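[1] requesting a structural model of the entry that follows:
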Amino acid sequence: MSPELKLAMATAREAGALLRESVDADLDVIEAHAHDIKLALDVKSQNLIESRILETFPDHAIYGEEGIAGDQTSDSQWIVDPIDGTVNFFYGLPHFCVSIAMRREGELKIGAIYDPSMDEMFGVDFEGPATRNGEPIRPSDRATLAEAVVTIGFSKSKDAIEAGLARYGRIANRVRKTRMLGSAALALAYIACGRLDAYLEEQINIWDIAAGQLMLERGGGIVELVTSPSNPDKSSIVSSNGKLDFEDIL
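    The predicted structure follows:
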């Protein structure tokens, strides 16, 4: 295991422990929007992650949901989501995670996703298969929508929600089941290990998907992103196990 992945996993686990300790605590909401909230704990978790990474790699860059740190001219950039699934976490739903990826010269190289509720650590290194708790994983072999379980995310803007509903209407009767789980990182990790078969969302941020994208692609899955013309870090996503026909789910 590379030093980068060891650090990402250890740091994700430490941040996950912080979240787990706070599950029943009174949570400080610092921003509340129509379809989202932000917690002081998001900032605290990212600060912890930043400090651990920069202690080891002081010349690297941090790019996270809660801001940037380090040397932003560095070729090595860590992409951090300190709580993916914040609304789930706030409402006591045990489906959230910490996601940490590192890209070098613009290319994703390593990723770690830690689910503190399940004590599951997903990882992917510079080379080799993605893993769950140290064991290799791969996507499912399901090749038809009729046998597929598809998860759909509904984004935060009115236009994105309406587009997501339209897409949902096109596929809901053609798949075995649909699920709306509330964590993009775990959605991709679940496809990477065969629990789900596809994930779609109209608007998503790079920090939500970076680690999971690499895990899924390493196992032969497909991630198709269309970048927002107004924000280069927001994209629509269609992802699958690599066996489903993309034309069936677009």
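
[2] and the residue nearest the centre of the chain, what element?
    Centroid-nearest residue in the chain, with Cα atoms, centre = their mean: residue 185, separated by 1.9 Å. When elements are assigned from DSSP states H and E, residue 185 belongs to helix 184-192.

[3] contacts for the helix or strand just after that helix, please.
    Per DSSP H and E, the first helix or strand lying C-terminal to helix 184-192 is strand 198-205. By Cβ atoms under 8 Å, 6 or more residues apart in numbering, the residues outside strand 198-205 that reach it are 65, 81, 148, 150-157, 160-161, 163-164, 167, 184, 187-188, 191, 228, 233-241, 244, 249. (Glycine included, C-beta is placed from N, CA and C.)

[4] now the end-to-end length of stretch 188-200.
    Stretch 188-200 has an end-to-end distance of 10 Å (criterion: Cα to Cα, to the nearest Å).

[5] pull the distance from it to the chain's centre.
    Its chain's C-alpha centre and that of stretch 188-200 lie 11 Å apart, by Cα atoms, centre = their mean, to the nearest Å.

[6] buried residues, it. List them.
    Of the residues in stretch 188-200, 188-193, 195-200 count as buried by neighbour count, 16 or more other Cβ atoms under 10 Å.

[7] also stretch 238-245?
    In stretch 238-245, counting by 16+ other Cβ under 10 Å, buried: 238-244.

[8] would you mind writing the CA trace of the helix ranked longest in the chain as PDB?
    If you go by DSSP state H, the chain has its longest helix at helix 3-21. C-alpha atoms of helix 3-21 as PDB (Å, rounded to 0.1, in the frame of the first residue of the first chain):
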ATOM      1  CA  PRO A   3       2.100   6.000   1.700                       C
ATOM      2  CA  GLU A   4      -0.700   8.200   0.200                       C
ATOM      3  CA  LEU A   5      -3.400   5.500   0.500                       C
ATOM      4  CA  LYS A   6      -2.200   4.600   4.000                       C
ATOM      5  CA  LEU A   7      -2.600   8.300   5.000                       C
ATOM      6  CA  ALA A   8      -6.000   8.600   3.300                       C
ATOM      7  CA  MET A   9      -7.400   5.500   5.000                       C
ATOM      8  CA  ALA A  10      -6.000   6.400   8.400                       C
ATOM      9  CA  THR A  11      -7.300  10.000   8.100                       C
ATOM     10  CA  ALA A  12     -10.700   8.900   6.800                       C
ATOM     11  CA  ARG A  13     -11.000   6.500   9.800                       C
ATOM     12  CA  GLU A  14     -10.100   9.200  12.300                       C
ATOM     13  CA  ALA A  15     -12.600  11.700  10.800                       C
ATOM     14  CA  GLY A  16     -15.200   8.900  10.800                       C
ATOM     15  CA  ALA A  17     -14.600   8.300  14.500                       C
ATOM     16  CA  LEU A  18     -15.200  12.000  15.000                       C
ATOM     17  CA  LEU A  19     -18.500  11.700  13.200                       C
ATOM     18  CA  ARG A  20     -19.500   8.600  15.100                       C
ATOM     19  CA  GLU A  21     -18.900  10.300  18.400                       C
END
